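>>> the following comprises the amino acid sequence and a computationally predicted model.
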Amino acid sequence: MDYSICIDDKAREWLREKGSVLTISKFQANHCCVPASEVWIEFQKPENENLYKKIVQHGITCFIEKGMEFKQNHLKVKLTGPPFFKTIRVEGFKYF
(Lines give C-alpha, C1' and ligand atoms only; values in the text may rest on other atoms or scores of the structure.)
Protein backbone atom coordinates (compact mmCIF):
# COMPACT_ATOMS: atom_id res chain seq x y z
CA MET A 1 0.00 0.00 0.00
CA ASP A 2 1.27 3.44 -0.86
CA TYR A 3 0.99 6.22 1.67
CA SER A 4 1.27 9.95 1.34
CA ILE A 5 3.03 11.62 4.24
CA CYS A 6 2.96 15.25 5.29
CA ILE A 7 5.69 16.17 7.79
CA ASP A 8 5.38 19.74 9.03
CA ASP A 9 8.50 21.92 9.14
CA LYS A 10 8.83 21.96 12.93
CA ALA A 11 8.49 18.16 13.12
CA ARG A 12 11.06 17.71 10.34
CA GLU A 13 13.62 19.88 12.15
CA TRP A 14 12.99 18.14 15.47
CA LEU A 15 13.32 14.70 13.85
CA ARG A 16 16.64 15.74 12.32
CA GLU A 17 17.90 16.55 15.82
CA LYS A 18 16.78 13.05 16.94
CA GLY A 19 18.62 11.23 14.12
CA SER A 20 16.22 11.61 11.17
CA VAL A 21 14.46 8.27 11.72
CA LEU A 22 10.81 7.70 12.63
CA THR A 23 9.24 4.26 13.08
CA ILE A 24 5.45 4.09 13.16
CA SER A 25 3.80 0.89 14.30
CA LYS A 26 0.60 -0.33 15.90
CA PHE A 27 0.39 -1.02 19.63
CA GLN A 28 -2.26 -3.61 20.29
CA ALA A 29 -3.65 -3.92 23.84
CA ASN A 30 -5.44 -7.27 23.87
CA HIS A 31 -5.19 -8.11 27.56
CA CYS A 32 -7.83 -5.81 28.93
CA CYS A 33 -11.61 -5.85 28.89
CA VAL A 34 -11.76 -3.68 25.75
CA PRO A 35 -9.07 -4.41 23.12
CA ALA A 36 -7.59 -1.23 21.70
CA SER A 37 -5.08 -0.14 19.07
CA GLU A 38 -2.90 2.94 19.19
CA VAL A 39 -0.05 4.39 17.15
CA TRP A 40 3.39 3.65 18.61
CA ILE A 41 6.35 5.79 17.53
CA GLU A 42 10.07 5.34 18.01
CA PHE A 43 13.02 7.39 16.87
CA GLN A 44 15.14 4.49 15.66
CA LYS A 45 15.10 1.85 12.93
CA PRO A 46 12.93 -1.21 13.60
CA GLU A 47 14.64 -4.47 14.45
CA ASN A 48 13.14 -6.19 11.38
CA GLU A 49 12.88 -3.71 8.51
CA ASN A 50 11.12 -6.33 6.34
CA LEU A 51 7.96 -5.80 8.38
CA TYR A 52 7.87 -2.09 7.48
CA LYS A 53 7.45 0.09 4.42
CA LYS A 54 10.38 2.51 4.18
CA ILE A 55 9.72 6.02 2.93
CA VAL A 56 12.38 8.75 2.76
CA GLN A 57 11.09 12.29 2.57
CA HIS A 58 13.11 15.51 2.93
CA GLY A 59 15.94 13.65 4.65
CA ILE A 60 13.65 11.90 7.16
CA THR A 61 13.44 8.10 6.97
CA CYS A 62 10.02 6.78 7.99
CA PHE A 63 9.32 3.11 8.65
CA ILE A 64 5.60 2.31 8.62
CA GLU A 65 4.47 -1.09 9.84
CA LYS A 66 2.91 -3.06 7.02
CA GLY A 67 -0.81 -3.58 7.46
CA MET A 68 -1.50 -0.28 9.20
CA GLU A 69 -4.41 1.62 7.72
CA PHE A 70 -4.68 5.37 7.45
CA LYS A 71 -7.61 7.50 6.40
CA GLN A 72 -7.35 8.05 2.64
CA ASN A 73 -3.86 6.43 2.87
CA HIS A 74 -2.54 9.74 4.21
CA LEU A 75 -0.79 10.52 7.46
CA LYS A 76 0.32 13.77 9.01
CA VAL A 77 3.36 14.06 11.25
CA LYS A 78 3.36 17.06 13.59
CA LEU A 79 5.39 18.33 16.53
CA THR A 80 3.38 18.73 19.70
CA GLY A 81 3.86 19.50 23.38
CA PRO A 82 5.27 22.29 25.54
CA PRO A 83 9.01 23.16 25.54
CA PHE A 84 11.22 20.39 26.96
CA PHE A 85 8.38 17.88 26.46
CA LYS A 86 8.10 17.96 22.68
CA THR A 87 7.16 14.81 20.82
CA ILE A 88 5.76 13.69 17.50
CA ARG A 89 2.08 13.21 16.81
CA VAL A 90 0.89 11.04 13.92
CA GLU A 91 -2.60 11.79 12.63
CA GLY A 92 -4.78 9.80 10.27
CA PHE A 93 -4.66 6.30 11.81
CA LYS A 94 -7.82 4.38 10.96
CA TYR A 95 -9.17 2.86 14.19
CA PHE A 96 -12.18 1.08 12.70
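Arrived safely.

>>> all contacts plus neighbour counts: C-alpha atoms, from now on.
Will do.

>>> strands of this structure, residue ranges please.
For the chain, the strands defined by DSSP state E occupy 4-7, 21-29, 36-42, 52-57, 60-65, 74-80, 87-91.

>>> would a markdown table of those strands with mean neighbour count, mean pLDDT and distance to residue 14 be doable?
A markdown table is the format used below for the strands of the chain (neighbours: other CA atoms under 10 Å; pLDDT from 0 to 100; distance: least, CA to CA, whole Å):
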| stretch | mean neighbour count | mean pLDDT | distance to residue 14 |
| --- | --- | --- | --- |
| strand 4-7 | 16 | 90 | 11 |
| strand 21-29 | 17 | 84 | 11 |
| strand 36-42 | 14 | 78 | 13 |
| strand 52-57 | 16 | 93 | 14 |
| strand 60-65 | 20 | 94 | 10 |
| strand 74-80 | 17 | 93 | 8 |
| strand 87-91 | 16 | 91 | 9 |
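
>>> rebuild those strands as TSV, extending it with distance to residue 13.
Formatted as TSV, the strands of the chain follow (distance: least, CA to CA, whole Å):
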stretch	distance to residue 13
strand 4-7	10
strand 21-29	12
strand 36-42	16
strand 52-57	12
strand 60-65	9
strand 74-80	9
strand 87-91	11
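
>>> and the gap between the residue nearest in space to the middle of the chain and residue 79?
The centroid of the chain falls nearest to residue 24 when counting by CA atoms, centre = their mean (3.3 Å). Taking CA to CA, to the nearest Å as the measure, residue 24 falls 15 Å from residue 79.

>>> return the backbone torsion pair for residue 67.
phi 100, psi -10 (degrees, to the nearest 10).

>>> quick revisit: any idea what the residue nearest to the centre of the chain is bridged to?
Beta bridges link residue 24 to residue 41, residue 64 when assigned by DSSP bridges.

>>> how far does stretch 48-55 stretch from start to finish?
End-to-end distance of stretch 48-55 (CA to CA): 15 Å.
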